[in-house]
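Colleague: sequence? don't have it. structure:
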């Protein structure tokens, strides 16, 4: 077994790992990045980008159905070429993964190491059984993998986890989507709009990242106008019946309902990839899921005996599994790991204003952590509906509800939750306002063109019952 | 003739007039609002909103043509029902005008006066020949009307000014659109996408409000991929030939080109409605077009002999003919007119960061006055193309170019010009950043989700060759 010494070791070459590598290199430290599996980030390869391509196709199909509202009619039926749709998704996915691979290839060969990494102690790793890598500091950026509930294990090739969808050569006729989180919602709506019969079954009543009861209730109603969404379904069993899958569940009245599908798509959450890292050989404090505890300001993990030389970033941290957060966290972890290796103090990294987006239509936007982050009796709510909003009506996209939150004492803008047209854009505007620590009064003095969806924001802001400051 | 005395007289009940009325009333002053013609704002009734409905229908038709890129095909041809399209445009226009009329009806009858207003002197108006209205201060908010060049006068009912388009019962086969400003561009593209053969002929080389030569050149190329746009056409004549109109012009090579159309649509600018106000009876300083000179900070006009009791707002001022600016100007003019009537000092009104949007596809966005407002050698440019931008590619909307401007000395963000997908949203984000006086470095620390069009902004900002501040 070879022995190698390095300043910083980065485990994982996904979004967070690559960001950590670049940040550490920028300080002048010596860095090795270790990749155990397939190259390519989770976002590009598996979870994020391919789904967006599927959604874009789905929205294009939906737009055709809606065109009659403008006086435009398709002669006869629209023909949806499932093979062509899926082919574009795969082609574009491969293209995006290609960019990521090129990023990886741009890293000097001397800085890269292939093999599965396991901790020997806090500062030593066994890489692929061939190398003992000793580092002054280590960054864990091993990402996450899809959870598969026990109940579905026997479904074999009729069980699809989100990664598999994109390998379909054609679209199936019917799919039960299990899980009403971000992935389940986006995939469920996309497949529905592409002509697949979709039943979306969640657990616990949640819909994506929504926490505001008014927005939640509006979202459940709205999505149910398109396809069946039960965010609190009670599954009894999922069983093979020849080539099909039978799902048995109890409905709201307690009666048993049985329904069969071509596939079950499990979108039931993701688990950080930490179980095979040999963390038991370290002195790190672990949470119930086996994930090292850490300080989100510095991304430094905590050891039993005090400070630790190990940092963590991205999905592996189980903190905020979003690409732009993974990039920031990776940057912070890499920078601090290098600083530690160079004998400098670690420092607080950049953490942008919290922003969550679900690319459904209408979209979901959560700014500042949303309703769940508000402290009771310190905030007021302003609301706007998009059902009669001018621009939304023009575009025949007049479905949506927005709640914005303001601080009763200071008049500051605190955050928002929305199901709204162009949620991805409206949420950026609000997230930037939050990071700029703007007051509601200042926001109301900003330019609002006419006619635009942003005028809906103004309505909501103007409805917050607090005095101008 | 009746004689009436009032604190503030507002001439015109459009967007600016209604805003002025409300602002003046809010101070406690006595106010009379005078409307001479048809109720309803220029934006709702004539220029802004109906065009947006036509554009929405056009974009829906265009989306169907593009759907094959996603693997979605219409069987046979799409049938576009011109009557249904135009009916929706009219129905929605009438609905929006209805809102405006309701606004007007909510004004107490005692505060309203009908009739054409003419100045007798700086503080007295003849209203409809029936009333002499004496006011401590006056707000001119009489709006604008379409210009019609002499050359087209003989075309009779084959000449369409933008207002007339919305009275079409069906769509014509071909239209020559004269003028490549905002109205010509929006209408030209909308008609083209609705299946009308469109030739768009401008004068002087300009395209909408674009002043950055790179964005201009990109826009000319891009629009020409859809329909013929000559921003610097040389017209020889426009003549009737039976039911048709023949347009003769010289092309770039100097050769004469003759082409015939169902209609000529003149979108050749608008003129402030000031010629019939009897301004010669006042002591106001007038510009070459007969528009009173004024201070844009207070909206107070200038008299030969010093301070004037007359204010001006909206399109009548010939300053920035945009609804949201008219609202701000109306508020400032009304507030200051009332303050003057009550013996108080006038003050600077709210003027939001300059923001211009053209609702074509891709859209045009001008922030901070754009390139023309930059001072030579004090700024640097950062550029991003949307042709290979991730989100734009996903949506098959990957056409666009963005230039952002930063101050070389301070690192501050100064403005932007773009032809870009979702320009209406990206421009708001940038305009708010401008009004917040953000530096480029601060903007780069803001949240950018993934995958979103806003990442294109980040690329451009990151490309500005100035040191971070």
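Modeller: It's in. All figures in this text were calculated on a predicted structure; none of them were measured in a lab.
Colleague: going forward, measure contacts and count neighbours with C-alpha atoms only.
Modeller: Will do.
Colleague: any idea how far residue B:26 is from residue A:462?
Modeller: 17 Å (C-alpha to C-alpha, to the nearest Å).
Colleague: who has more neighbours, the two?
Modeller: For residue A:462 versus residue B:26, neighbours defined as other C-alpha atoms under 10 Å in any protein chain shown are more numerous around residue A:462 (19 against 13).
Colleague: nearest residue to residue A:52 other than its sequence neighbours?
Modeller: Nearest residue to residue A:52, sequence neighbours excluded (C-alpha to C-alpha, 6 or more residues apart in numbering or on different chains): residue B:394, at 6.8 Å.
Colleague: Quick check on the one you found: phi, psi?
Modeller: Dihedral angles of residue B:394 (phi, psi; degrees, to the nearest 10) stand at phi -60, psi -50.
Colleague: Quick check: buried residues in stretch A:393-411?
Modeller: The neighbour-count check on stretch A:393-411 (16 or more other C-alpha atoms under 10 Å in any protein chain shown) flags A:393-408, A:411 as buried.
Colleague: what does stretch A:126-136 give?
Modeller: Of the residues in stretch A:126-136, A:126-128, A:131-136 count as buried by neighbour count, 16+ other C-alpha under 10 Å.
Colleague: Check stretch A:282-296 too.
Modeller: Buried-residue list, stretch A:282-296, by 16+ other C-alpha under 10 Å: A:282-286, A:291-294, A:296.
Colleague: Over to stretch A:351-365?
Modeller: Those would be A:351-365, for stretch A:351-365 by 16+ other C-alpha under 10 Å.
Colleague: End to end on that stretch, go ahead and measure it.
Modeller: 18 Å.
Colleague: picking that back up, pretty sure the residue nearest to residue A:52 contacts residue A:58?
Modeller: No: applying C-alpha atoms under 8 Å as the test, residue B:394 and residue A:58 come out as separate, 11.7 Å apart.
Colleague: residue contacts, residue A:137?
Modeller: Residue A:137 makes contact with A:7-9, A:123, A:309-311, A:337-338, A:340-341 under the criterion C-alpha atoms under 8 Å, 6 or more residues apart in numbering or on different chains.
Colleague: Report the central residue of chain A.
Modeller: In chain A, the centroid-proximal residue (C-alpha atoms, centre = their mean) is residue A:322; its distance is 4.5 Å.
Colleague: Tell me which stretches of the stretch 351-469 of chain A form strands.
Modeller: A:355-358, A:363-367, A:379-385, A:401-407, A:413-420 (DSSP state E, counting those that start in this stretch).
Colleague: what is the orientation angle of the longest one with strand A:363-367?
Modeller: In this case it means strand A:413-420. Here the directions of strand A:413-420 and strand A:363-367 differ by 170 degrees (axes from the mean of the first three to the mean of the last three C-alpha atoms, to 10 degrees).
Colleague: And strand A:413-420, what does it pack against?
Modeller: helix A:213-224, strand A:363-367, strand A:401-407, helix A:423-435 (3 or more C-alpha pairs under 8 Å, 6 or more residues apart in numbering or on different chains; DSSP states H and E).
Colleague: in the stretch 201-350 of chain A, what residue is nearest chain B?
Modeller: The nearest approach of the stretch 201-350 of chain A to chain B comes at residue A:324, 5.7 Å away (C-alpha to the nearest C-alpha).
Colleague: just checking, that residue touches residue B:448?
Modeller: Yes: using C-alpha under 8 Å, residue A:324 is in contact with residue B:448, at 6.7 Å.
Colleague: Compare those two (neighbour count), which wins?
Modeller: residue B:448 (24 against 21).
Colleague: show me the contacts for that one.
Modeller: Taking C-alpha under 8 Å, 6+ apart as the contact definition, residue B:448 lies against A:324, A:428, B:454-455, B:458.
Colleague: That one and residue B:459, how far apart?
Modeller: Relative to residue B:459, and taking C-alpha to C-alpha, residue B:448 is found at 11 Å.
Colleague: what is in contact with those two at once?
Modeller: Going by C-alpha under 8 Å, 6+ apart, no residue sits against residue B:448 while also sitting against residue B:459.
Colleague: Surely the residue of the stretch 201-350 of chain A closest to chain B forms part of a helix?
Modeller: Yes: assigned with DSSP: H, G, I helix; E, B strand; the rest coil, residue A:324 falls within a helix.
Colleague: So for it, what's the nearest residue that isn't a sequence neighbour?
Modeller: residue B:449 (5.7 Å).
Colleague: And the strands in the stretch 201-350 of chain A, which stretches?
Modeller: A:228-230, A:234-241, A:244-250, A:256-261, A:263-266, A:270-272, A:294-295, A:300-303, A:306-312.
Colleague: Neighbours of residue A:373, how many?
Modeller: 12.
Colleague: ok, now which ones touch it?
Modeller: Per C-alpha under 8 Å, 6+ apart, neighbours of residue A:373: none.
Colleague: What separation is there between the residue nearest to residue A:270 when sequence neighbours are not counted and residue A:330?
Modeller: Nearest residue to residue A:270 in three dimensions, chain neighbours excluded: residue A:146, at 4.3 Å (C-alpha to C-alpha, 6+ apart). As judged by C-alpha to C-alpha, residue A:146 and residue A:330 stand 21 Å apart.
Colleague: And for residue A:343?
Modeller: Going from residue A:343 to residue A:330 by C-alpha to C-alpha gives 20 Å.
Colleague: More neighbours: those two, which one.
Modeller: residue A:330 (33 against 10).
Colleague: Contact partners for the more buried one?
Modeller: Contacts of residue A:330 (C-alpha under 8 Å, 6+ apart): A:15-21, A:23, A:141, A:312-314.
Colleague: Repeat that for residue A:255.
Modeller: Counting by C-alpha under 8 Å, 6+ apart, residue A:255 has no contacts.
Colleague: least trustworthy helix or strand in chain A by mean pLDDT?
Modeller: Least confident helix or strand, chain A: helix A:42-45 with a mean of 63, by mean pLDDT, DSSP states H and E.
Colleague: okay but residue A:135 is in contact with residue A:3, surely?
Modeller: No: counting by C-alpha under 8 Å, residue A:135 stays clear of residue A:3, with 10.9 Å between them.
Colleague: Deepest in the core, which of the helices and strands packed on strand A:413-420 is it.
Modeller: The highest mean neighbour count among the helices and strands packed on strand A:413-420, using mean count of other C-alpha atoms under 10 Å in any protein chain shown, belongs to strand A:363-367: a mean of 27.
Colleague: now it against helix A:423-435, angle please.
Modeller: 10 degrees.
Colleague: which outside residues touch strand A:363-367?
Modeller: Applying C-alpha under 8 Å, 6+ apart, the external contacts of strand A:363-367 come out as A:209-210, A:353-358, A:415-424, A:426-427, A:430-431.
Colleague: Say whether chain B is contacted by the longest helix seen in chain A.
Modeller: Using DSSP state H to define each element, chain A has its longest helix at helix A:82-105. Yes: counting by C-alpha under 8 Å from any C-alpha of the partner chain, chain B is contacted by helix A:82-105 at A:82-85, A:88.
Colleague: Which one (most neighbours) among those residues?
Modeller: residue A:85 (24 neighbours).
Colleague: what does the stretch 51-200 of chain A put close to chain B?
Modeller: Residues of the stretch 51-200 of chain A lying near chain B (C-alpha under 8 Å from any C-alpha): A:52-53, A:56-57, A:60-61, A:63-64, A:67, A:70-85, A:88.
Colleague: Thanks a lot, see you next time.
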